[in-house]
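Below are the sequence and a predicted model; questions follow.
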Amino acid sequence: MSEISPYSPEERGLHGEVGIGIKPEDVPVGFKRLAYAWLVLKRVVMGVFSDGFIHAGNLAYLALLTVFPFFILAAVIASLLGQSAETQRAVASFLHVLPSSVADLLRDPIQHVLAARRGSSLAWLGALVALWSVGSFVETIRDIFRRAYGVKSTKPFWHYRLSSMAVIIASVILAVFSFIVQGVLVAAEQFIYTLLPFAKDIAGWVGLSRAIPGVVMFIALYMLFLSVTPSKYRFGGHSPEWPGALFTTGWWLSITALLPMVLARLADYDLTYGSLAGVIITLLFFFLVGLGIVFGAHLNAALAEPPLAGVETPQET
């Protein structure tokens with residue numbers, strides 16, 4: 001596994017490749033955008049091919065390891081906000097964006113874990129352990145971004161860990177409030193349909209609240225990508241964060257829709273893995289999602305423009 005991608009912004013900056021990296025005389029008139037799109041795609045594919053599959057496998061393992069601690073943490077934070085019921089909404093929303101076979105495998109264990117922790121004196125201890133475990137997942141993504149951008153870490157370990165914990169807590173709070181807003185909008189929709197039947201157009205607009213989980217996914221991924229993007233590229237307009245977050249959101253939703261269709265054509269996969277078939281499918285799903293995150297990281301890095309100053313010294317993330 002290479003340390004950094006040879007197509008990273010830092011490597012491009014060191015070799016004098018600034019701007020969009022295309023010489024006007026090398027591209028026919030009218031094909032500049034197409035040539036740039038091809039160049040970005042080449043950067044992304046080469047970056048993902050170099051070590052993306054290894055990172056995706058690591059993310060799949062960590063995702064399965066941290067999914068239960070995450071909901072323990074979410075339950076504790078929701079109870080602090082006086083919104084314990086929103087934990088069930090969070091679980092339902094999470095399972096909604098998973099393939100049915102994966103959701104069926106995780107639904108009962110998550111409910112059992114939350115029921116066992118409810119009212120327990122060990123809930124806080126479990127939340128702290130969960131915060132640390134999920135932080136390791138975020139740190140893995142941070143390392144993926146470091147390699148994609150070609151930078152090295154120079155800050156103390158505890159600095160990155162505290163940053164990861166802050167991102168996790170902020171994401172959980174955002175999710176809780178989004179579900180509260182969604183509940184209010186659904187209630188408003190029912191009120192309009194029942195008492196104000198002449199205002200169906202307004203109710204239709206309010207009904208758009210059903211898209212909130214997908215929007216929340218994009219916002220959460222955007223916050224995550226923004227927090228783990230190296231500081232040299234995070235501020236100053238050198239690199240957009242939204243393309244990678246948008247791609248990962250679309251990739252995740254596509255995998256959720258397509259994976260059951262693929263599995264339906266592989267009806268004998270359970271004969272190969274036996275009782276572990278459900279676990280293997282879950283790992284496969286998380287592997288594909290992890291591959292999307294890696295692709296999103298390299299997409300942002302491919303679109304990043306090396307700063308004119310300071311490219312000689314890789315900076316911290």
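Everything's here; your move.

Please count neighbours and contacts with C-alpha atoms only from this point.
Will do.

and after the helix or strand hosting residue 67, which helix or strand comes next?
Secondary structure assignment for residue 67, by DSSP states H and E: helix 32-80. Moving toward the C-terminus from helix 32-80, the next helix or strand (DSSP H and E) is helix 86-96.

Just list what the helix or strand following that next one packs against, helices and strands only.
Remark: after helix 86-96, the chain's next helix or strand is helix 100-117, criterion DSSP H and E. In terms of contacts (3 or more CA pairs under 8 Å, 6 or more residues apart in numbering; DSSP states H and E), helix 100-117 is packed against helix 32-80, helix 86-96, helix 277-303.

Most tightly packed of the ones you listed?
Across the helices and strands packed on helix 100-117, averaging neighbours per residue (mean count of other CA atoms under 10 Å) puts helix 277-303 on top, at a mean of 24.

Quick one: list the elements packing against that one.
On a contact count with 3+ CA pairs under 8 Å, 6+ apart, helix 277-303 meets helix 32-80, helix 100-117, helix 123-149, helix 242-264, helix 269-273.

ok, 7 Å please
Contacts defined by 3 or more CA pairs under 7 Å, 6 or more residues apart in numbering; DSSP states H and E place helix 277-303 against helix 32-80, helix 100-117, helix 123-149, helix 242-264.

how about the ones you listed in a markdown table, adding mean pLDDT and distance to residue 305?
Below are the helices and strands packed on helix 277-303 laid out as a markdown table (pLDDT from 0 to 100; distance: least, CA to CA, whole Å):
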| stretch | mean pLDDT | distance to residue 305 |
| --- | --- | --- |
| helix 32-80 | 83 | 11 |
| helix 100-117 | 80 | 39 |
| helix 123-149 | 83 | 10 |
| helix 242-264 | 87 | 14 |
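
need these in a markdown table with distance to residue 293, can you?
Output for those, formatted as a markdown table (distance: least, CA to CA, whole Å):
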| stretch | distance to residue 293 |
| --- | --- |
| helix 32-80 | 8 |
| helix 100-117 | 19 |
| helix 123-149 | 8 |
| helix 242-264 | 6 |
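
Ok, which of these comes nearest residue 221?
Of all these, it is helix 242-264 that lies closest to residue 221, at 5.3 Å by CA to CA.

buried sites along the closest one?
Of all the residues in helix 242-264, those buried under the rule 16 or more other CA atoms under 10 Å are 242-253, 255-256, 259-260.

can you give me the angle it makes with helix 100-117?
Between helix 242-264 and helix 100-117, the angle comes out at 110 degrees (axes from the mean of the first three to the mean of the last three CA atoms, to 10 degrees).

Need the contact partners of helix 242-264.
For helix 242-264, contacts defined as CA atoms under 7 Å, 6 or more residues apart in numbering pick out 97-99, 217-218, 221-222, 225, 289, 292-293, 296-297, 299-300.

How about stretch 285-296?
Under CA under 7 Å, 6+ apart, the answer for stretch 285-296 is 44, 48, 52-53, 56-57, 59-60, 63, 144, 244-245, 247-248, 251-252.

Apply 8 Å and report the result again.
Stretch 285-296 is contacted from outside by 44-45, 48, 52-53, 55-57, 59-61, 63-64, 102, 144, 243-245, 247-248, 251-252, 255, 259, using CA atoms under 8 Å, 6 or more residues apart in numbering.

Tell me how far residue 126 lies from residue 161.
Using CA to CA, to the nearest Å, residue 126 is found at 18 Å from residue 161.

And residue 147, by the same measure?
Residue 147 is 18 Å from residue 161, where distance means CA to CA.

who's more crowded, the two?
residue 147 (21 against 17; other CA atoms under 10 Å).

And that one, how far from residue 303?
Using CA to CA, residue 147 is found at 15 Å from residue 303.

Spit out the contact partners of the nearest residue to residue 283 once chain neighbours are set aside.
Distances taken as CA to CA, 6 or more residues apart in numbering put residue 60 closest to residue 283, at 5.7 Å, once the chain neighbours are dropped. Listed by CA under 8 Å, 6+ apart, the contact partners of residue 60 are 283-287, 289-290.

Apply 10 Å and report the result again.
Going by CA atoms under 10 Å, 6 or more residues apart in numbering, residue 60 touches 54, 137, 282-291.

Residue 108: neighbour count?
For residue 108, the count of nearby residues is 11 (other CA under 10 Å).

what's the answer for residue 169, then?
Residues near residue 169, counting by other CA under 10 Å: 15.

Quick check, it in contact with residue 73.
Yes: at 8.5 Å, residue 169 and residue 73 qualify as touching, with contact defined as CA atoms under 10 Å.

Name the residues contacting each of those two.
Shared contacts of residue 169 and residue 73, defined by CA under 10 Å, 6+ apart, comprise residue 131.
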